[in-house]
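J.: Need the 3D shape of this:
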Amino acid sequence: MKRVVITGMGVVSPVGNSIEAYWQNLTAGVCGVGPITHFDASGLKVKVAAEVKDFDPAAFGMDVPTQRRMDRYTQFALAAARQAVEESGIVGTIAPERLGVYVGSGIGGMSTFVEQSDRLKERGPARVSALFIPMMISNMAAGTIAMQFDAQGPCLPTVTACATSTHAVGEAYRAIAHGYADAVIAGGSEAAITPLAVAGFTSCMALTQETDPAKASLPFDARRAGFVMGEGAGILVLEEYEHAMARGAAIYAEVCGYGNTCDAYHVTAPRPDGSGGARAMTLALEGADWNAERDTLYINAHGTGTALNDKAETLAIKRALGEDAARRAMISSTKSMTGHMLGAAGAAELIASALALKNGVVPPTIGLEVPDPQCDLDYTPGVAKRAALTCALSLSLGFGGHNGAVALRKV
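T.: Sure, this is the predicted structure:
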């Protein structure tokens, strides 16, 4: 198997629309949650979300006609991909058929779906846009990125709910490791903060109804009462190690392991004993040759702030690492700041993991003030801390029982 490294990253998030701003705000403990502004939420039970702020598609090369042909989730994806690709310098160093795109979305063009559904009811079928389907479908972010950068290699959009972009990066890692591509633009994007989606998540008892943004997203805290919807995109350029070295590319971290499992248990709830998530972590850590005595491990937890997830995830970490190693691991949930970016969460959190490794800083879990006795590991409450990290693991646990974990090593 070939070695795989990260040579470029880009992000659009509730706490920053560049890697520099994102990392600075994560380590400073900035909360990206606030009152919903995308629409009038007065008639809904849920009043807060983690919205992307100050996003200007034109700043990423999208003129007005281009913007009108793209759902917001595709705009986010293309903006993050431009950052990652430009930083990596990969274009022009690789044959188009050896460059792939693995970018998914958990929901796809929700805004377009709602808008065109309303148009059908109000104005009739003849007024439904010819661009409705291309703008709505979940593969269009990947297709748009491929067209933008002439990536003619494998193109695989994943759709596994909250685990979408973790699986996208993991499968991209495998594609390069097994020789199907030399580089892959990988990640996920989501823009689903709409009345319909918020109402749907509220009805299935997933979202917090807390109105104070500072108390809304509380992973691993005894007061947690559901997650906060977020949005944005996270994109990474994964590249075969020798190819990256030959062209003198800067490297963030090495991708060393990947685990993909299913709970096969329930449509929304995790398996209570955490066994599915534990197996995903074990597979990823085995690939990274993790050693509890030798390595200093950071885990970017799924950490949604729901009662069932955080308890089951704590059990999963203990099951995967063993009790002693689990207590030594440095863990945090950046969802405490970004909210839950759904299909974009895994990639955004893997970016945070790579930056934690590179900079030797563990971002905090903000708002964690009342520890839950059933969530009794080191979740880095309140403030970031320095650590000589050697290994990182990003974990995602999606609706439908989809579990994904990607392990990184410091280079």
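
J.: show me what contacts Ala388?
T.: Thr296, Gly360 (C-beta atoms under 8 Å, 6 or more residues apart in numbering). In short, each C-beta sits where N, CA and C put it, glycine included.

J.: before we move on, what about Glu86?
T.: Going by C-beta under 8 Å, 6+ apart, the list of residues near Glu86 reads Gly8.

J.: That one sits in which helix or strand?
T.: Taking DSSP states H and E as the definition, Glu86 sits inside helix 72-88.

J.: tell me the mean pLDDT for that helix?
T.: Across helix 72-88, pLDDT averages out at 98.

J.: Only the buried residues of it, if you could.
T.: The neighbour-count check on helix 72-88 (16 or more other C-beta atoms under 10 Å) flags 72-85, 87-88 as buried.

J.: Out of the residues you listed, which is nearest to Cys204?
T.: Cys204 has its nearest neighbour among the buried residues of helix 72-88 in Tyr73, at 20.9 Å by C-beta to C-beta.

J.: From Lys358, how far out is Ile366?
T.: Noted for Ile366: a distance of 22 Å to Lys358, by C-beta to C-beta, to the nearest Å.

J.: Mind checking which of those two has more residues around it?
T.: Ile366 (26 against 18; other C-beta atoms under 10 Å).

J.: my read: that one touches Thr338, true?
T.: No. Between Ile366 and Thr338 there is no contact under C-beta atoms under 8 Å: 10.6 Å.

J.: His38 belongs to a strand, doesn't it?
T.: No. Using DSSP: H, G, I helix; E, B strand; the rest coil, the assignment for His38 is coil, not a strand.

J.: Got the phi and psi for the residue lying closest to it once chain neighbours are set aside?
T.: Computed as C-beta to C-beta, 6 or more residues apart in numbering, the closest residue to His38 that is not its neighbour in sequence is Ile193, at 5.3 Å. Main-chain dihedrals, Ile193, degrees, to the nearest 10: phi -80, psi 80.

J.: ok, Ile193 - contacts?
T.: Counting by C-beta under 8 Å, 6+ apart, Ile193 has contacts Ile36, His38, Ala49, Glu51, Met229, Gly230, Glu231.

J.: just Tyr180 next, same as before
T.: So Tyr180 contacts Gly100, Gly153, Pro154 (C-beta under 8 Å, 6+ apart).

J.: tell me the contacts of the nearest residue to Gly61 once chain neighbours are set aside?
T.: Closest residue to Gly61 apart from its sequence neighbours, by C-beta to C-beta, 6+ apart: Arg82 at 6.5 Å. Arg82 makes contacts with Gly10, Phe60, Gly61, Gln148, as judged by C-beta under 8 Å, 6+ apart.

J.: Was I right to think Lys358 contacts Leu408?
T.: No. When contacts are counted by C-beta under 8 Å, Lys358 is not listed as touching Leu408 (9.6 Å).

J.: sorry, back to before: gap between the residue nearest to His38 and Met245?
T.: 41 Å.

J.: Also Met1?
T.: Using C-beta to C-beta, Met1 is found at 17 Å from Met245.

J.: Give me the more crowded residue out of the two.
T.: Met245 (13 against 10).

J.: secondary structure class for that one?
T.: Per three-state DSSP, the secondary structure class of Met245 is helix.

J.: got the contact list for Tyr265?
T.: Arg271, Gly276, Gly401.

J.: For the buried ones among these, write the corresponding PyMOL selection.
T.: Per 16+ other C-beta under 10 Å, the buried members of the contacts of Tyr265 correspond to this PyMOL selection:
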select buried, resi 271+276+401
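
J.: sorry, back to before: for the contacts of Tyr180, pick the one with the most neighbours.
T.: That'd be Gly100 among those, by other C-beta under 10 Å, with 26 neighbours.

J.: got the CA positions of the host helix or strand of that one in CSV?
T.: Using DSSP H and E, Gly100 sits in strand 99-104. Only the C-alpha atoms of strand 99-104 are listed here, as CSV (Å, rounded to 0.1, in the frame of the first residue of the first chain):
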residue,chain,number,x,y,z
LEU,A,99,-7.0,13.2,-9.9
GLY,A,100,-10.2,12.2,-8.1
VAL,A,101,-13.0,13.9,-6.2
TYR,A,102,-14.7,12.3,-3.3
VAL,A,103,-17.1,14.9,-1.9
GLY,A,104,-20.4,14.1,-0.4
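
J.: Just the buried residues of it, please?
T.: Leu99, Gly100, Val101, Tyr102, Val103, Gly104.

J.: Give the other helices and strands that that strand contacts.
T.: helix 140-149, helix 164-177, strand 183-190 (3 or more C-beta pairs under 8 Å, 6 or more residues apart in numbering; DSSP states H and E).

J.: Go through the ones you listed and pick out the most buried.
T.: strand 183-190 (a mean of 35; mean count of other C-beta atoms under 10 Å).

J.: And the next helix or strand past it?
T.: Per DSSP H and E, the helix or strand that comes after strand 183-190 is helix 195-203.

J.: C-terminal to that next one, what's the next element?
T.: strand 232-240.

J.: Any quick PyMOL command for the buried ones out of the contacts of Ile193?
T.: To isolate the buried ones among the contacts of Ile193 in PyMOL, judged by 16+ other C-beta under 10 Å, type:
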select buried, resi 36+38+49+51+229+230+231
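
J.: Which of the contacts of Ile193 sits closest to Leu350?
T.: Out of the contacts of Ile193, the member with the shortest distance to Leu350 (by C-beta to C-beta) is Gly230, at 15.4 Å.

J.: How much space separates that closest one from Asp310?
T.: Distance from Gly230 to Asp310, by C-beta to C-beta: 17 Å.

J.: again with His167
T.: For His167, the distance to Asp310 - C-beta to C-beta - is 21 Å.

J.: Likewise for Pro381?
T.: 13 Å.

J.: more neighbours, those two?
T.: Taking other C-beta under 10 Å, Pro381 and Asp310 do not tie; Asp310 has more neighbours (25 against 17).
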